[in-house]
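# sequence plus the predicted model coming up.
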Amino acid sequence: TGDGFTGDTISTFRERTRANVKIEDGCNRFCSYCIIPYARGRVRSKPLEEIKKEAAALAENGYTEIVLVGINLSSYGTDCSLSLCDAVAAVCEIDAIKRVRLGSLEPDHMTKEMVAGLKTQPKLCPQFHISLQSGCTETLRRMNRHYTADEYEEICNLLRSSFEECTITTDIMVGFAGETEEEFEASLRFAEKIGFEKVHVFPYSQRKGTRAAEFPNQLEKAVKEERAHRMIELTNRIRADYLKSQIGKTVEVLAETKDENGVCTGYTANYTPVKILSGAECGEYYKIKITAADDDSCEGKMI
């Protein structure tokens with residue numbers, strides 16, 4: 001249709017227990033390393049009635065968890081006097097939907113008003129993927145990100161104080177053009193300070209057509225790979241500590257996959273992966289007591 005949406009209602013996702021609903025396309029941010037605003041155009045929001053219709057069709061096909069996604073999801077509604085809270089509310093109104101989850105969010109849209117609005121929806125999962133990119137304010141400026149490290153920290157504190165059992169996940173880019181060792185170490189310290197429950201770490205790569213591709217002081221591949229290794233090592237340790245901290249808790253898990261040994265793996269509302277040792281079937285919710293954890297997931301027994 002030219003607006004980034006097909007116009008068709010998606011009602012099935014093969015071999016999955018939760019479904020994505022794309023509610024937004026395009027981006028107005030113009031980060032210096034990103035080609036998306038040029039390739040995908042400006043923010044365009046799917047009408048609320050279309051969102052609700054698509055989610056209702058998925059619910060009729062047995063899906064009880066909906067993930068709202070978009071190129072710049074948190075900018076939903078900025079082109080039509082709505083907000084992400086409106087989209088979340090529309091899906092939460094569907095009785096058969098038990099969980100609503102959000103895709104990747106941009107920090108500068110996560111205002112106090114936005115968080116307060118999201119907090120009113122009990123079906124909203126308390127897991128927030130807030131894109132960081134760097135924990136160093138100087139690096140963020142060169143990236144043309146629209147927040148400082150301190151402002152990002154305030155958002156994390158607000159979310160954790162607003163949502164019980166809140167988890168915060170993120171993306172961190174290392175080796176951006178001009179990133180000094182001191183800037184990288186500042187980013188390392190910031191990641192440790194926030195204590196993300198999970199981090200996707202990746203080295204910067206030049207994209208033709210972006211401003212950053214022409215920046216001076218591009219780093220060598222070996223330097224970027226070494227920094228990625230250090231960041232991954234740190235954030236994996238933090239995640240392992242978090243998973244071990246869940247031992248003894250009773251949680252609700254939506255079973256999603258089953259292996260050849262009959263062990264189902266699913267996720268809690270805050271996206272903690274849990275292996276259910278026996279007796280579970282995919283697509284069902286179970287009360288599970290977590291009995292053990294490793295670096296990747298927890299495991300537990302049905303109550």
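Done, it's in.

# contact partners of the helix or strand that contains Ala255?
Using DSSP states H and E, Ala255 sits in strand 250-258. The contact list for strand 250-258 (Cβ atoms under 8 Å, 6 or more residues apart in numbering) reads 16-18, 64-65, 99, 264-269, 272, 274, 276, 280-290, 300, 303. For glycine as for every other residue, the C-beta is placed from the backbone atoms N, C-alpha and C.

# so which bits of that strand are buried?
Going by neighbour count (16 or more other Cβ atoms under 10 Å), the buried part of strand 250-258 is Val251, Val253, Leu254, Ala255, Glu256.

# rewinding a little: give me the subset of the contacts of strand 250-258 lying in strands.
18, 65, 99, 264-267, 274, 276, 285-290, 300 (DSSP state E).

# mark which of those residues are buried, thanks.
Among those, those scoring as buried are 18, 65, 99, 264-267, 274, 276, 285-286, 288, 290, 300 (criterion: 16+ other Cβ under 10 Å).

# quick one: the strands in the stretch 51-200 of the chain?
65-70, 99-102, 104-105, 127-130, 167-174, 198-203 (DSSP state E, counting those that start in this stretch).

# wait, which of these is closest to Ser245?
Minimum separation from Ser245 across these (Cβ to Cβ) falls at strand 167-174, 11.3 Å.

# what helices and strands are in contact with the closest one?
In terms of contacts (3 or more Cβ pairs under 8 Å, 6 or more residues apart in numbering; DSSP states H and E), strand 167-174 is packed against strand 127-130, helix 149-162, helix 181-194, strand 198-203, helix 221-245.

# just so I know, which of these lies nearest Lys112?
Among the helices and strands packed on strand 167-174, the nearest to Lys112 by Cβ to Cβ is helix 149-162 (6.7 Å).

# can you give me the buried ones in that closest one?
Buried-residue list, helix 149-162, by 16+ other Cβ under 10 Å: Ala149, Tyr152, Glu153, Ile155, Cys156, Leu158, Leu159, Arg160.

# make CSV from those and add pLDDT and distance to Val174 to it.
Converted to CSV, the buried residues of helix 149-162 look like this (pLDDT from 0 to 100; distance: Cβ to Cβ, whole Å):
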residue, pLDDT, distance to Val174
Ala149, 98, 15
Tyr152, 98, 16
Glu153, 98, 19
Ile155, 98, 21
Cys156, 98, 20
Leu158, 98, 26
Leu159, 98, 24
Arg160, 98, 25
